[in-house]
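In: can you look at this prediction? I've put the sequence above it.
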Amino acid sequence: MRRLSLTCLFILCCWLLTAMEVPFSTVPILTEANQIGPFVRIDPDDKKPETLPTKAWIWYDEENIYVKVQCTIDSSFVKGAFRQRDSDSGGDYLFLHLITNPRTQYAYIYDATPSGALSDCVKDIKQGSNYNWNSSYSYTTEDNDTLWTVIFTVPFKDMRFPKNPPYKWKIRLTRFHKNSLEYYSYPYYKDGNDKEFFDKAMEITLTHKISGKKDWKFRPYFVRSYDLVNKSTTFDPDNTGLDISFNPGTRTKLKIAVNPDFTDVPPDDATNIYNSKYPIFYNENRFFFIEDIDAFGTDETMFYTRNIVQPQLAVKFTGNHKAWNYGYLCAKDKNISEDGMLINPDDFFQLGSVIYKTEKYKFLFSGASRMNNGYYNHFGSGSWNWEFVKNFTVGSSHLYSTKYVEGSGSNEEIDQQGLFNAIWFQMTPGNWNISAEYENVQKDLALDMGYLNETGLEQYSTNISWNMRPREKYLRTASFSLYGDYANKLEPDKPFKYLDSNVYLLLNFLPKYSLVFQVSRDREEYLGKEHDTWNAVFSPSLSRWPAFNPTVSFNVGKTVIYSLNETKDIVSFRTNGWGRVGRRIIWNYVFYHYQYGYDETNYIYTPTDTLILKLDNSFQIANAGLTYNFSNKMSLGNGIGITTYKTGLTYSNVSFYSNFRYEFKLDWFLYLGYKTKQWQDEPSVLNDPAGHFKINSASAYLKLSFVL
């Protein structure tokens, strides 16, 4: 016992000797004792000192932590553009990283740019950065010919930390030079090594009591829309709603959304939905569902929030205590019918999780449900991982599901249970990442609240990847990966074997262009028939000019045409790009051309009939956006999506939106917008290139949202 006490005392003394004690003050303190530095170069990774020095100081009071940074600049300094929150300004940057609980390896990151725009995120060692999290931080920025000065003000109320002092945190500062694409940081760490990012951050101690004050926010909103097709306006309870957020303490957050509205969310991009084995996957773009969702530790396979189509009520609660994190989310969906046919039922969804995480261990327990009258689907899962030796980790995942559907009419009762089990291994020596995994998915596994498409199989997979450390040479960085898996059906009457492989190579060169090579070969089964497919991709890109950053991609191979259940040739071309014009205009585009090797008219023979199936074998898909930022608070965004796939008498489909956004007071927003969807019923010809379009829908809206 005495030896243990002496060991603990020694560790405590080492901490106090190495950790900076941050001064408590209501006025700036700029001394050597609270100065952060010196910065060294981490990208290219050579630890060279700065030629344009950076100085930084840190202090705090009861409610905020402050960091003042002075950056020496020259003619290469890039101010960047105005922008909306959490988007790239295209200029120089400062990044402030705060780790309030080093055991959980979870960081808060705050950006500063000369344009004054805000950008913040949270970073998890396993799940990466999540920019859907927003705080109430602020900063001031000033620059002249030789000096750029930034003062961060970061409120404690937005962070989670232990209740009582002393608070043992970590801090890291990083500076990015846009013109030379160089990163400098203090303390040093290997860029891209997330473990070093946390482990080698600078230790700091806050000795005075700080306040993560209880914070209520009420955000009511009002929407008025006008149908430009039917010439009618709408206003009913569905056009009003309320978002409530409450921070009961320094470790918990509660959010409630009553009739949440997503009017200002842009429509989904046009995409190739014409040859898909599974339902189309759309990324979540609704703020309520994406903010803090990483706190639950689940992915879309287990809980896919786009299944919640139009919630009437949604509640989310997250918190942490020491090494524990927990969360609960529930939502009641809305009945949606069209012409008397039910399109979306008013199911009730819920998700809960508890996570215990240290530097070496992680345990996750979660459960979810989707329910309605005469129907339920539940799952419970548990997973763990353990870094038993440095850079060597093992883990496993286990899930049990149960589903019940009441029988009615000709529909039989469904009562099934299923299991999922997986075990995996990962090692990360140096620049290598090597992993292997075994999965077993029973046929009766059901995850209606998630996005699960394949059941009744077992799979062995391995992945080997290597990343070159950045360097100041013609070949700046490179990365390589090799993936392979073997799977087979667990059903006795379907003894299919699957073999998938993928090789990927990325080369980044100076000055600012890259090449991607990718080759894959797969075997899959569809409706009892095996198909061998392959694919090869070559993709160069250029990022030399702020106004124009293009990428092109050439793709050839063989793919399964699911409507024919046959393998056919495919050739596709993609080009995409983006750019900034001045400080206000941002644009982007993506264009696809697909050419398939099947005939437009296809004959399907059955024992009793011959079916004729018409498929478009050459079509294009394009999306483009243009945003004009009047300032960081006011912007006008426009977007268009086009697909030329011909179906029946429809020759193409077009969607367009325009959205004006104005934050006229902190957290007070005015939105004005227009959305339309149209289809082309007459083809484009030489004398009439536009053809003729009919309007499916068109509406204008006004939305007012504010915080009380």
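Out: On my side now, so go ahead.
In: would you map the helices across the chain?
Out: Counting by DSSP state H, residue ranges of the helices within the chain are 2-18, 194-199, 287-290.
In: which pLDDT value belongs to the residue sitting nearest the centre point of the chain?
Out: Centroid check for the chain by C-alpha atoms, centre = their mean gives Asn130 as the closest residue, at 6.2 Å. Residue-level confidence at Asn130 comes out at 77, pLDDT.
In: which residues does it bridge with?
Out: Beta-bridge partners recorded for Asn130 (DSSP bridges): Val122.
In: state the distance from it to Asp294.
Out: Asn130 sits 5 Å away from Asp294, going by C-beta to C-beta, to the nearest Å. Yep, even glycine has a C-beta here, placed from its N, CA and C like the rest.
In: overlap in contacts, the two.
Out: Residues touching both Asn130 and Asp294 (C-beta atoms under 8 Å, 6 or more residues apart in numbering): 122, 124.
In: on that earlier part again, how close does the residue nearest to the centre of the chain get to Phe287?
Out: 12 Å.
In: same deal with Asp227?
Out: 25 Å.
In: and Asp292, how many neighbours?
Out: Residues lying near Asp292 (other C-beta atoms under 10 Å) number 19.
In: wait, it touches Phe317, no?
Out: No - taking contacts as C-beta atoms under 8 Å, Asp292 lies outside contact range of Phe317: 9.7 Å.
In: and for the two, which residues touch both?
Out: Residues touching both Asp292 and Phe317 (C-beta under 8 Å, 6+ apart): 253, 327.
In: returning to that earlier point: hang on, isn't the residue nearest to the centre of the chain packed against Tyr108?
Out: No - using C-beta under 8 Å, Asn130 is not in contact with Tyr108; the gap is 10.8 Å.
In: what do these two both touch?
Out: Common neighbours of Asn130 and Tyr108 (criterion: C-beta under 8 Å, 6+ apart): 122-123.
In: give me the local confidence score for the closest residue to Asn132 other than its chain neighbours.
Out: Leaving aside its chain neighbours, Asn132 sits nearest to Ile290 (4.1 Å; criterion: C-beta to C-beta, 6 or more residues apart in numbering). At Ile290, the pLDDT value in this model is 75.
In: and Ile290, how many neighbours?
Out: Neighbours of Ile290 (other C-beta under 10 Å): 16.
In: same question, Leu342
Out: When neighbours are counted by other C-beta under 10 Å, Leu342 registers 10.
In: so it makes contact with Asp333?
Out: No - Leu342 lies out of contact with Asp333 (C-beta under 8 Å); the separation is 11.9 Å.
In: and for those two, which residues touch both?
Out: With C-beta under 8 Å, 6+ apart, Leu342 and Asp333 have no common neighbours.
In: give the contact list for Gly352.
Out: Per C-beta under 8 Å, 6+ apart, neighbours of Gly352: 296, 326-329, 366-368.
In: of these, closest to Ile561?
Out: Distance to Ile561 across these (C-beta to C-beta) is lowest for Ala368, with 34.9 Å.
In: export only the CA atoms of stretch 177-190, formatted as CSV.
Out: Output of stretch 177-190 as CSV, limited to C-alpha atoms (Å, rounded to 0.1, in the frame of the first residue of the first chain):
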residue,chain,number,x,y,z
HIS,A,177,-0.3,28.7,-44.3
LYS,A,178,-2.6,28.5,-47.4
ASN,A,179,-0.1,29.7,-49.9
SER,A,180,2.5,27.0,-49.1
LEU,A,181,0.1,24.4,-47.7
GLU,A,182,2.3,24.1,-44.5
TYR,A,183,1.1,23.2,-41.0
TYR,A,184,3.0,24.3,-37.9
SER,A,185,1.9,23.1,-34.4
TYR,A,186,2.8,23.1,-30.8
PRO,A,187,3.4,20.6,-29.4
TYR,A,188,4.7,18.5,-32.3
TYR,A,189,2.9,15.3,-33.4
LYS,A,190,2.8,13.2,-36.6
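In: contacts for that stretch, please.
Out: Taking C-beta under 8 Å, 6+ apart as the rule, stretch 177-190 contacts 36-45, 47, 50, 52, 54, 56, 76-78, 80, 90-93, 172-176, 191, 196-197, 199-202, 469, 512.
In: what about Phe554, distance to Val519?
Out: Taking C-beta to C-beta, one finds Phe554 at 13 Å from Val519.
In: identify the contacts common to the two.
Out: With C-beta under 8 Å, 6+ apart, Phe554 and Val519 have common neighbours Val537.
In: how many other residues sit next to the spatially closest residue to Ser225 that is not a sequence neighbour?
Out: Nearest residue to Ser225 in three dimensions, chain neighbours excluded: Tyr701, at 4.2 Å (C-beta to C-beta, 6+ apart). By other C-beta under 10 Å, the residues close to Tyr701 number 19.
In: just the pLDDT for Tyr701.
Out: On the pLDDT scale, Tyr701 is placed at 85.
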